[in-house]
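Undergrad: Have a look at this prediction, sequence included:
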Amino acid sequence: FQTGTPTYLVDLLKQSDYDLRLLVAGVEVTASAFSEYRAEANNPLPMIYQSGYLTIKGYDREVRLYTLRFPNDEVRYGFLNFLVPFYTRVTDDETGFHIAKFMRELRAGDVDAFMERLKLFFAGIPYDLSDNTERHYQAIFYIVFTLMGQFVETEVRSARGRADAVVKTRDAIYVFEFKLDG
């Protein structure tokens, strides 16, 4: 990951409002979906693939779909760490500090401290970095928890509705609901 600086990829991701969860979990695409040679704001996937940040991890012959994922954890965590300053005001050198604090608080079950830190983290996002949508904040949340190495699910559906995010630690399950201006 250290060999490149994918700032243009981050710009494409932000312009397209691409679902970052797909990058982490892996995305299934047809051959044409990742072989396009033009950079388009509405589809950053071809450029991310061609830049080497995603690789082919599988192919389903029956439906002719490829599965694209990060080639390894170094690239995945490097890419996500690189995204944090573009979605928040947190600098590269502060990211690790915040992630470690978040991890310690959740593992200790100190929900109040965790929530206070999370509020401060989100309050520090300048208005010009945010597109003021719930999805923008959800993407930030997802990046933070993925970097923490916790099991994170977003848009979790159940018989009672939908949770914006669910985080499972060894000792607890945390359910999050995001409300913009609410």
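TA: Yes, it's here. Note that this is a predicted model, so its numbers are computed, not measured.
Undergrad: host element of residue 75?
TA: When elements are assigned from DSSP states H and E, residue 75 belongs to helix 73-87.
Undergrad: Pull out the buried residues from that helix.
TA: In terms of neighbour count (16 or more other Cβ atoms under 10 Å), helix 73-87 has its buried residues at 75-76, 78-85, 87. No exception for glycine: its C-beta is placed from N, CA and C like everyone else's.
Undergrad: Kindly report the same for stretch 172-182.
TA: Within stretch 172-182, the residues that qualify as buried by neighbour count (16+ other Cβ under 10 Å) are 174, 176, 178.
Undergrad: now stretch 155-165
TA: Of all the residues in stretch 155-165, those buried under the rule 16+ other Cβ under 10 Å are 163-165.
Undergrad: Tell me which helix or strand the most far-flung residue of the chain relative to its centre sits in.
TA: For the chain, the largest distance from the centre (Cα atoms, centre = their mean) belongs to residue 62, which lies 29.8 Å off. Here residue 62 sits in a region with no helix or strand, counting by DSSP H and E.
Undergrad: got a list of what the most centrally placed residue in the chain touches?
TA: The residue at the geometric middle of the chain, judged as the C-alpha nearest the mean C-alpha position with Cα atoms, centre = their mean, is residue 143 (3.6 Å). In this structure, residue 143 makes contact with 20, 80, 83-84, 87, judged by Cβ atoms under 8 Å, 6 or more residues apart in numbering.
Undergrad: Which pair in the residues you listed has the greatest spatial separation?
TA: Spatially, the most separated pair among those is 20 and 84, at 11.4 Å (Cβ to Cβ).
Undergrad: how does the chain divide into domains?
TA: Following the TED database, the chain resolves into domains at 4-69, 73-178.
Undergrad: Mean confidence (pLDDT) on the longest one, please.
TA: In this model, domain 73-178 has an average pLDDT of 75.
Undergrad: now do the shortest one
TA: Model confidence over domain 4-69 averages 80 on the pLDDT scale.
Undergrad: thinking again about what came up before, so which of the buried residues of stretch 172-182 belong to strands?
TA: 174, 176 (DSSP state E).
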